[in-house]
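>>> 3D model of this:
(one chain, ligands or ions: 1)
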Amino acid sequence: MPHSYVREARKRVGPKKQRIGPIIERLERAHPDATIALKFRNELELLVSVMLSAQTTDVNVNRVTTTLFEKYRRPEDYLAVPVEELERDIYATGFFRQKTKAIRGTMQTLLEQFDGVVPRTVDELVLLPGVARKTANVVAAELGEPQGVVVDTHVRRLSQRLGLTRQEDPVKIERDLMRLVPREAWGVFPHLLIWHGRRVCIARRPLCEQCVLTDLCPSSRV
Ligand code: SF4
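Purely as a prediction, here's the structure:
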């Protein structure tokens, strides 16, 4: 899109600081069911699910964890089986060798440094081997203590289309969103963008005519 159109569109919708409140309210009304799609029953299952979800779909992870979590209930259980057995059990989520290594390292550290209990802060979570900042952010947010804004492919695309950031790098996008989004919405905001991205603001073909944000979005096609 030529620069003049982009400038015009930005002018039409107004500054992002004024738009962010109505954007969140409307998305909450449009997607009242916007929550994490991974299935888990406790903190340990949440952590493992998020670790397994790298480079695959939540549906795929849920399929694997239905049986996985019956077999592995405590951190010790992941260390009690041969490496190859855990690799086989999570094989269908892809990158099974790296994921097995990360999960076993994490379980070891949980037992050695955290009494086998999943910590709640991002600073502690990133001490677990194989737990990157994004994973830590997701886990902390689900435990009710978001300390950042999770940026995945949907969050990145929608933040850019909505003119909430001009950045490409997820770390810089997160920084922009943390400045803009009220802290009490840090947890829900990524879920709202993810569900809106899956249902309406689809990557290849955004359904602008069905979108509740057309008057607030500089990329609207209607
Ligand atoms: S108006 Fe179109 S581009 Fe903007 S958020 Fe809605 S679907 Fe996406």
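
>>> tell me which residues of stretch 40-47 are tucked away?
Judged by neighbour count (16 or more other Cβ atoms under 10 Å), stretch 40-47 contains these buried residues: 40, 44-47. The C-beta positions use only the backbone N, C-alpha and C, and glycine is treated the same way.

>>> typo on my end, it should be stretch 10-24
13, 16, 19-20, 23-24.

>>> cool, and stretch 209-222?
Buried-residue list, stretch 209-222, by 16+ other Cβ under 10 Å: 211-213, 216-220.

>>> Now do the least confident helix or strand in the chain by mean pLDDT: everything it contacts.
Within the chain, no helix or strand scores below helix 3-13, which has a mean of 80 by mean pLDDT, DSSP states H and E. If you take Cβ atoms under 8 Å, 6 or more residues apart in numbering as the criterion, helix 3-13 is touched by 19, 163, 215-220.

>>> show me what contacts the spatially most central residue of the chain?
Centroid-nearest residue in the chain: residue 150, 4.8 Å away (criterion: Cα atoms, centre = their mean). Contact analysis of residue 150 by Cβ under 8 Å, 6+ apart lists 134, 137-138, 141, 174, 190.

>>> and with 10 Å instead?
36, 50, 133-142, 170, 174, 177, 186-187, 189-191, 193-194 (Cβ atoms under 10 Å, 6 or more residues apart in numbering).

>>> now swap in residue 43 and tell me
Neighbour list for residue 43: 117-120, 139, 142-143 [criterion: Cβ under 10 Å, 6+ apart].

>>> Can you name the two of these that sit furthest apart?
117 and 142 (15.5 Å; Cβ to Cβ).

>>> re the thing from before, greatest separation within the buried residues of stretch 209-222: which pair is it?
212 and 218 (15.5 Å).

>>> and the gap between the residue of the chain most remote from its centre and residue 125?
Distance from the centre of the chain peaks at residue 4, with 33.5 Å (Cα atoms, centre = their mean). For residue 4, the distance to residue 125 (Cβ to Cβ, to the nearest Å) stands at 45 Å.

>>> Same question for residue 104.
Per Cβ to Cβ, residue 104 is found 17 Å from residue 125.

>>> So the two - more neighbours on which side?
residue 125 (25 against 18; other Cβ atoms under 10 Å).

>>> Contacts only, for the more buried one.
47, 50, 106, 114, 118-119, 131-133, 135-140, 143, 147.

>>> again, only using 8 Å
Contacts of residue 125 by Cβ under 8 Å, 6+ apart are 118-119, 131, 135-136, 139-140.

>>> and the helix ranked longest in the chain, average pLDDT?
If you go by DSSP state H, the chain has its longest helix at helix 96-113. Average pLDDT, helix 96-113: 97.

>>> Okay, buried residues for it please.
Applying a neighbour-count criterion of 16+ other Cβ under 10 Å, one finds 96, 99-104, 106-107, 109-111 buried in helix 96-113.

>>> Need the residues that contact that helix.
47-48, 51-52, 54, 75-76, 78-79, 83, 86-88, 90, 93, 116-118, 127-131.

>>> Can you pick out the ones from these that are in helices?
Among the contacts of helix 96-113, the residues falling in helices (DSSP H) are 47-48, 51-52, 75-76, 78-79, 83, 86-88, 90.
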